[in-house]
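Novice: Predicted coordinates and the sequence they were generated for:
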Amino acid sequence: MAVLLSDLYEGVKNQDITLVAGEQGMGNVVRWLHMVESNESSSFLDGQEIAFTTGVGLNGNVTLLDLVKANNEHKASGMVVNIGPFVKEVPEDVIAYCNQEGFPLFIVPWQVHMAEIMRTICYMITESDKYNLELSSAVKNAIFFSNQEDLYVPQLERNNFLRNWSYCVTVIDIVDGGEKIADDKLQRYVKTMENYMIFSRKKTFVFELGGNIVLLFAGYSEPMVKKTVSDMLKRCNFQKEQCYVGIGRCTLNAQNIGKSYRQACQVLKLQRNMHNDKDVVAYQELGVYKLLMDIENQDVINEYYAETIQRLVEYDKLNQTNYCDVLQCYLEHSGSVKETAEAMFVHRNTINYKINKIEEMLNCDLSELDTRLLYSIAFMLKKIM
């Protein structure tokens, strides 16, 4: 897990390291560090690292300003310069550039062992990674083995996620052209979301599970979760990808994290089936769908579906017709032929003909309210199957 540059600086500033420019970038996220002595070596940066330099690679063709610019362009989080025989002092043009770009620049005197500073930073980042692994394991155990509290409660509390806090789980599925995005792209989005949470210092945890991104919120209300997720997704700057989101209910304690996760997955499945990648939806907002989702006996759902619209669905597939679409539109418009025809851009006679045909196939009378309700529920069940 990454660490804020400001937190790392707090951990090493007693070692005679001084911030001289770019203070507005102290909220940058740091994932590792790298020695960078030339413009060429800056190309090896992956982004979100602290670049260290002694200046040994600088010459008449490459100045400190050139090196600073190269590191900033390769998305380094900041830079540490060893002041000594190779860099006597930081020029004013470097300080001006760093202040303008919000690129933190630190100096360390030559007599200070820069390796010790690097060791301290590595230790802090490694401890953060250890925290990340332990917390990830604890949350997964809370999801899949909720009855075995010894597998997750001690680990959660050791990492300051207390047993009696309220928890809320969000599950996010990102697809491109109907297929899940590649793992490297998924990890980039995980990193972006993690950066947002770290920078905003939210009491949250982000990890990947089964090709989806899972977020655990601690001590949040559902409206707060929804707003935070919406704001975070805007930062992801999706291009052609579709992003489906499901938010579970807030729990009373850590023992119900698994329940919130399953609710979030149910909402996510519904969103995918409805092709709704525009809205962030919480379980609490689903109305009657909540009742349907809580039917644990899948045989009951399958039987209801078979007795209502399955025959119509199969007929459409076999004959390339659209009777299911017509029936669903008809039900959504409360049995109004006029409104259904307008919604489907066809003549009223076409809708009348197809409704009569549907009634024959299903042996029902769609003019009756109870019958329309029966088939409306069937279409809702279809969306969660």
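Specialist: Thanks, I have it. Not measured: the values here are computed from a predicted model. Residues are numbered from 1 along each chain as shown.
Novice: check contacts around the residue nearest to Q48 when sequence neighbours are not counted.
Specialist: Residue nearest to Q48 in three dimensions, not counting chain neighbours: R31, with 4.5 Å by Cβ to Cβ, 6 or more residues apart in numbering. Just so you know, the C-beta spots here come from the backbone N, C-alpha and C atoms, and that holds for glycine as well. Going by Cβ atoms under 8 Å, 6 or more residues apart in numbering, R31 touches 2, 46-49, 125.
Novice: Pass me the low-pLDDT residue ranges in the stretch 151-300 of the chain, would you?
Specialist: Within the stretch 151-300 of the chain, no stretch has pLDDT under 70.
Novice: what about the strands in the stretch 151-300 of the chain?
Specialist: 167-176, 179-180, 204-209, 212-218, 242-247, 281-282 (DSSP state E, counting those that start in this stretch).
Novice: Just send those strands back as a markdown table, with distance to L270 and mean neighbour count too.
Specialist: Formatted as a markdown table, these follow (distance: least, Cβ to Cβ, whole Å; neighbours: other Cβ atoms under 10 Å):
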| stretch | distance to L270 | mean neighbour count |
| --- | --- | --- |
| strand 167-176 | 12 | 24 |
| strand 179-180 | 18 | 10 |
| strand 204-209 | 19 | 20 |
| strand 212-218 | 15 | 23 |
| strand 242-247 | 8 | 23 |
| strand 281-282 | 8 | 22 |
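Novice: State the number of residues packed around the closest residue to Q266 other than its chain neighbours.
Specialist: The shortest distance from Q266 to any non-neighbouring residue, by Cβ to Cβ, 6+ apart, is to M293 (4.7 Å). The number of residues packed near M293 is 19, by other Cβ atoms under 10 Å.
Novice: Equivalent analysis for G27, please.
Specialist: Neighbourhood size, G27 [other Cβ under 10 Å]: 16.
Novice: just checking, it touches S6?
Specialist: Yes. Assessed by Cβ atoms under 8 Å, G27 is found in contact with S6 at 6.4 Å.
Novice: Give the intersection of the neighbour lists for these two.
Specialist: Shared contacts of G27 and S6, counting by Cβ under 8 Å, 6+ apart, come down to nothing at all.
Novice: sorry, back to before: for S260, which of the strands of the stretch 151-300 of the chain is the nearest?
Specialist: strand 167-176 (4.2 Å; Cβ to Cβ).
Novice: which residues touch the residue nearest to Q266?
Specialist: Per Cβ under 8 Å, 6+ apart, neighbours of M293: 263, 266, 270, 286, 384.
Novice: Please flag which of those sit within helices.
Specialist: Counted as lying in helices by DSSP state H, out of the contacts of M293, are 263, 266, 270, 384.
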